[in-house]
Each structure stands twice: as structure tokens, then as C-alpha cells.
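*Asks:* The sequence and its predicted three-dimensional model are supplied below.
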Amino acid sequence: MLDFGLMDFVSGHHGAIAASNMRSPGQFVHPLIVRAKAHIAACALAHGVVPAHNVSLDLKNPQNVFSDASRARTEFGFLRMWSIHPSQIQPIVDAMKPDLGEVADASAILVAAQRSSWGPIQYQGELHDRATYRYFWELLQKARVTGVALPDEASEAFFQRDP
């Protein structure tokens, strides 16, 4: 895991970045921070390492924590996020969950691919092959570990041996 420590990053810039950028929305818009977050996540992912986003300073509002985690995942590619209080855990997990529509599509695509002996298929007018199968397989695994229910057909096809 490779962590991005926002507070250390800001303090390490000796006042060039304001303290307000240690929280949202500044942490997602300041150019130096945006560049660093994107670079850290890209480097980690390129080397098979999980990028972990910094904590949210907000201890009172779960929606703000959810928003921070969601932006970290969707805008920068972070796959985990640190929490500093138990009240932050569920909003972070919820934000990191795959989109339900993507889970449904992933299930349908992988079931169809399995029926085609993993050769290329067409799904809703688009080509899918081993590259997209790999993406959708990881998405289904992430859905399962974050508590997202899978369509029965995919669950039976790929996870029937699980307890």
C-alpha cells in the first residue's frame, strides 16, 4: 500500500499551500495537491500497489467523509482511504463500493463470456474481450468484499463454492 499523507504534504511546503487545503474542497482543487495525488495513485497502480488516500479531517459529518472518499476514488484512482474515527469507516466503505449499474453489467458480460468460452463477445453493441473481462472480474470481487449483492446468475457461476 502506498499512502498519500495530505497534512504532511501541506506542511512540507512551508506555507506555500494554505491550511484550508488540508480539507475539502481545497484538497481536491489546489494544483500542487492535485498533481501529487494523481502522481502517487498512478505510480502505485502502475506497480501493482494499492494507493491509499489521506484521512478526512471531518469527524462530525459522514456525508463529507463519503464525498472525500468518493472523489478520491473516482477522480484520482485511490482504492483505499484511511479513517481516524470509527464513524468514518462506513462512509468510506460505501464510497469505495462499485456502482450498482456496473456490477449488473459486469455480471452479464462475464456470464456471456463464460458461455462463449472466454472469446470476444458483444454486449449492448460493444465489444468485450479478455481485457474488459479482467476489469469486470476485479469489479465483481470488489463488489463482494464491500457487501454489494451480485446478480444470482453471476454469483452461481463464479462464487458457488464460497461459504
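*Replies:* Nice, thanks for sending it over.

*Asks:* contacts and neighbour counts: CA atoms only from here.
*Replies:* Will do.

*Asks:* Now do the helices in the chain.
*Replies:* Taking DSSP state H as the criterion, the chain carries its helices at 6-11, 31-46, 62-76, 89-96, 100-115, 130-145, 152-159.

*Asks:* Export these as TSV, with columns for mean neighbour count and distance to Ala19.
*Replies:* TSV is the format used below for the helices of the chain (neighbours: other CA atoms under 10 Å; distance: least, CA to CA, whole Å):
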stretch	mean neighbour count	distance to Ala19
helix 6-11	16	7
helix 31-46	16	12
helix 62-76	20	17
helix 89-96	19	23
helix 100-115	18	36
helix 130-145	16	34
helix 152-159	14	47
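
*Asks:* For Gln122, find the nearest of those.
*Replies:* helix 100-115 (8.5 Å; CA to CA).

*Asks:* Residues in contact with the closest one: which ones?
*Replies:* Contact partners of helix 100-115, identified using CA atoms under 8 Å, 6 or more residues apart in numbering, comprise 119-121, 123, 128-129, 133, 136-137, 139-140, 143, 148, 150-151, 153-154, 157.

*Asks:* Could you do stretch 30-41 as well?
*Replies:* By CA under 8 Å, 6+ apart, stretch 30-41 touches Leu2, Phe4, Leu6, Asn21, Gln27, Phe28, Pro51, Phe76, Gly77, Phe78.
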